[in-house]
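[1] fold the following for me, if possible:
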Amino acid sequence: MTMNTAFTFAIKRICFDENYHPADSTRLTTNFANLARGESRQENLRNTLRMMNNRFNDLAHWDNPKGDRYSVEVEIISADMDIDGKGDAFPVIEMLKTTIVDHHNNDKRIDGLVGNSFSSYVRDYDFSVLLLEHSKQQAVFSVPDNFGDLHGKLFQSLVHSDAYQAQFSKAPVICLSVSTSKTYHQTDNQHPVLGVEYQQDAYSLTDEYFSKMGLKVRYFMPANSVAPLAFYFAGDLLSDYSNLELISAISTMETFQKIYRPEIYNANSVAGKCYQPSLEYQDYSLTQIVYDREERSQLAVKQGKFTEEQFIKPYQHTLEQWAKNYTTKQYATA
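    Coordinates of the predicted model:
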């Protein structure tokens, strides 16, 4: 067995609905897991799914006069990695998979996108442990050498694995918030679903981190949105995915962003031609969904340290050797 194929992945699917309970291996900072806790858990989940469906029908408005043609089903895709072949798997990555149900066509089920949200214990380690410790020793902000290299190769190894390609015919598209440290400029380019495109002068740390995962980024503000979203993808975002697939990503992730970053995505004014996002903005509306952002940041540090103790330190030599020998390749659509 070569170093490039030494790790075995197993993929699990969990339905995200109003009865969802987070698995023990799920990062509690993850969007969907954070909502599914506490006294308001079921109401949170019900309202979140309703927001997704309403937004989907708003964007998929053709042949949909009552705005009720479609609903979106969401699955949590968890990828566990077995390093040494002894069955001790570590939960490396979680994403979401959408399925679109067409109620005007005998409840036909249409594949949405895999990706959407992105959750990773190793990313917690990189940002909340490694980068934090490095920054304390620097007078000027910088990142550690090879920052994100291991994580990027683990992600690419998953996407090229037999386990992933047996279940998904397309590479993931991940949809995140834009960076509050950058300024975005509106362009003349407009897509019928993704909306108006924005560009920025320099990549954010997140953009650079995701580039090591083999993903490019473009920023679009869909119709009736108030801020652009960052779309991370391999290949060609505009031609590799159908309109309904793209709408499934927007409706799912814009809903989460309205809950978690209402200052940006539920603001009462629309992003202008020159736009810098800010979490200090005061003119915004809250959703009816309970969420504790402060707890989420504290948990990121705890989960980063958990990753260091359970994954990075015990397997450091194996991971370093594997990353050194790993070569990337293009994702081929089935």
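[2] contacts, neighbours, all on C-alpha from now
    Fine.
[3] ok, and the closest non-adjacent residue to residue 12?
    residue 78 (5.1 Å; Cα to Cα, 6 or more residues apart in numbering).
[4] helix/strand/coil for that neighbour?
    Secondary structure, DSSP: H, G, I helix; E, B strand; the rest coil: residue 78 is strand.
[5] tally up the residues packed near it, please.
    Residues contacting residue 78 under the criterion other Cα atoms under 10 Å number 23.
[6] that one and residue 200: what is the separation?
    Between residue 78 and residue 200 the computed distance is 32 Å (Cα to Cα, to the nearest Å).
[7] ok so, going back, surely the residue nearest to residue 12 touches residue 94?
    Yes - using Cα atoms under 8 Å, residue 78 is in contact with residue 94, at 4.5 Å.
[8] show me how far stretch 122-136 is from its chain's centre.
    Offset of stretch 122-136 from its chain centre (Cα atoms, centre = their mean, to the nearest Å): 19 Å.
[9] er, stretch 119-131 I mean
    So, by Cα atoms, centre = their mean, the centroid of stretch 119-131 is 15 Å from its chain's centroid.
[10] state the mean pLDDT of that stretch.
    When pLDDT is averaged along stretch 119-131, the result is 91.
[11] one more: stretch 229-241?
    The model assigns stretch 229-241 a mean pLDDT of 96.
[12] what of stretch 48-64?
    Per-residue scores along stretch 48-64 average to 96.
[13] ok, stretch 153-161 next?
    On average, stretch 153-161 scores 95.
[14] need the residues that contact it.
    With contacts defined as Cα atoms under 8 Å, 6 or more residues apart in numbering, stretch 153-161 is touched by 9, 79, 93, 164-165, 171, 212-214, 323, 326, 328, 331.
[15] gap between residue 269 and residue 187?
    On the measure of Cα to Cα, residue 269 and residue 187 end up 19 Å apart.
[16] lowest-pLDDT helix or strand in the chain?
    Within the chain, no helix or strand scores below helix 31-35, which has a mean of 55 by mean pLDDT, DSSP states H and E.
[17] so how far is residue 264 from the closest residue to residue 190 other than its chain neighbours?
    Leaving aside its chain neighbours, residue 190 sits nearest to residue 196 (4.3 Å; criterion: Cα to Cα, 6+ apart). Separation of residue 196 from residue 264 (Cα to Cα): 17 Å.
[18] looking at the two, which one has more neighbours?
    Higher neighbour count among residue 196 and residue 264: residue 264, with 28 against 18, using other Cα under 10 Å.
[19] which stretches in the stretch 201-334 of the chain count as strands?
    216-221, 229-233, 274-275 (DSSP state E, counting those that start in this stretch).
[20] okay, now the sheet partners of the second one, with direction.
    To tie it back to what came earlier, the one meant is strand 229-233. strand 173-177 (antiparallel), strand 216-221 (antiparallel) (DSSP bridges).
[21] hmm, who's touching the longest one?
    For strand 216-221, the surrounding residues in contact (Cα under 8 Å, 6+ apart) are 178, 194-199, 207, 210, 227-234.
[22] rebuild the contacts of stretch 153-161 as CSV, extending it with pLDDT.
    Output for the contacts of stretch 153-161, formatted as CSV (pLDDT from 0 to 100):
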residue, pLDDT
9, 93
79, 94
93, 93
164, 95
165, 94
171, 95
212, 95
213, 95
214, 95
323, 91
326, 88
328, 72
331, 59
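[23] next, format these as CSV and append neighbour count and distance to residue 51.
    Shown next, in CSV, are the contacts of stretch 153-161 (neighbours: other Cα atoms under 10 Å; distance: Cα to Cα, whole Å):
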residue, neighbour count, distance to residue 51
9, 22, 33
79, 23, 27
93, 23, 25
164, 18, 29
165, 17, 31
171, 25, 26
212, 19, 33
213, 24, 30
214, 19, 31
323, 18, 41
326, 18, 41
328, 14, 38
331, 16, 33
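[24] in helices, which of those residues fall?
    Residues of the contacts of stretch 153-161 located in helices (DSSP state H): 164-165, 323.
[25] need phi/psi at residue 234.
    With angles defined as degrees, to the nearest 10, residue 234 sits at phi -110, psi 150.
[26] which residue packs closest to it, ignoring adjacent ones?
    residue 215 (5.0 Å).
[27] now do the helices in the stretch 51-200 of the chain.
    Taking DSSP state H, counting those that start in this stretch as the test, the helices found in the stretch 51-200 of the chain are 121-125, 131-136, 149-159, 162-167.
[28] give me whichever of these is most buried.
    helix 121-125 (a mean of 24; mean count of other Cα atoms under 10 Å).
[29] which residues does that one contact?
    27, 91-93, 148, 151, 300-301, 303-305, 307-308.
[30] quick one: residue 279 and residue 260 touch, right?
    No - Residue 279 is not in contact with residue 260 according to Cα under 8 Å; the separation is 10.4 Å.
[31] ok, those two, which is more surrounded?
    More crowded of residue 279 and residue 260, by other Cα under 10 Å: residue 260, with 21 against 10.
[32] how close does the more buried one get to residue 113?
    Relative to residue 113, and taking Cα to Cα, residue 260 is found at 21 Å.
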